[in-house]
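Engineer: Need a 3D model of the sequence below.
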Amino acid sequence: MSANLFCFSRLPFRTKAKIRLWLGVGIAMVGLCVALLSFRLGEWPEPSFMTGFYVGTGGGLLGSGIVTAVRMGIYLRDAERARKAELEEMDERNRFIQMRSAQAAIWVLVGAVYLAIVVTSLSPALFLATVTLIWVLIGALILLLASYCICRYLY
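Structural biologist: Predicted structure coming up:
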């Protein structure tokens, strides 16, 4: 998990670890539900593709949630590890790297939206898929910008 994934700068590290622990459990539960959903796909027209998709994404979410919950549980039980993690999270160099990588991610999303628009104009057959991609990318961009604004306000 990224050291500054959730913007809780004014909270004590122990409180942040508790919140992240429960978010990890929630992510693991969502992943388990998505993976179990793959068994219901026998009625779908293309179950082989969708089964793999749901098992893969569900397994990834399940694993990510478990790892996050275990790491935060370790930090809550071991004060020395929690202190080291807190120092690493508050390190100015790490914060600068995170800021630069977030800026790069936003530019990549803007470029992907532009590329999707260009592809749409070239192939009418891909129109529906590309429009869906554009809406997903615009939604992701809006979420990134909203989280950036919230974090800027809290800092």
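
Engineer: in what helix or strand does Leu36 lie?
Structural biologist: helix 13-37 (DSSP states H and E).

Engineer: which residues touch Thr120?
Structural biologist: By Cβ atoms under 8 Å, 6 or more residues apart in numbering, the residues touching Thr120 are Leu126, Phe127, Thr130, Val131, Ile134. Where C-beta positions appear, they are placed from N, C-alpha and C, glycine not excepted.

Engineer: try 10 Å this time
Structural biologist: Leu126, Phe127, Leu128, Ala129, Thr130, Val131, Leu133, Ile134 (Cβ atoms under 10 Å, 6 or more residues apart in numbering).

Engineer: picking that back up, now for the helix holding Leu36, which elements pack on it?
Structural biologist: For helix 13-37, the packing partners by 3 or more Cβ pairs under 10 Å, 6 or more residues apart in numbering; DSSP states H and E come out as helix 47-77, helix 79-90.

Engineer: list the buried ones in that helix?
Structural biologist: For helix 13-37, burial by neighbour count (16 or more other Cβ atoms under 10 Å) applies to 13, 16-18, 20-21, 23-25, 27-28, 31-32, 34-35.
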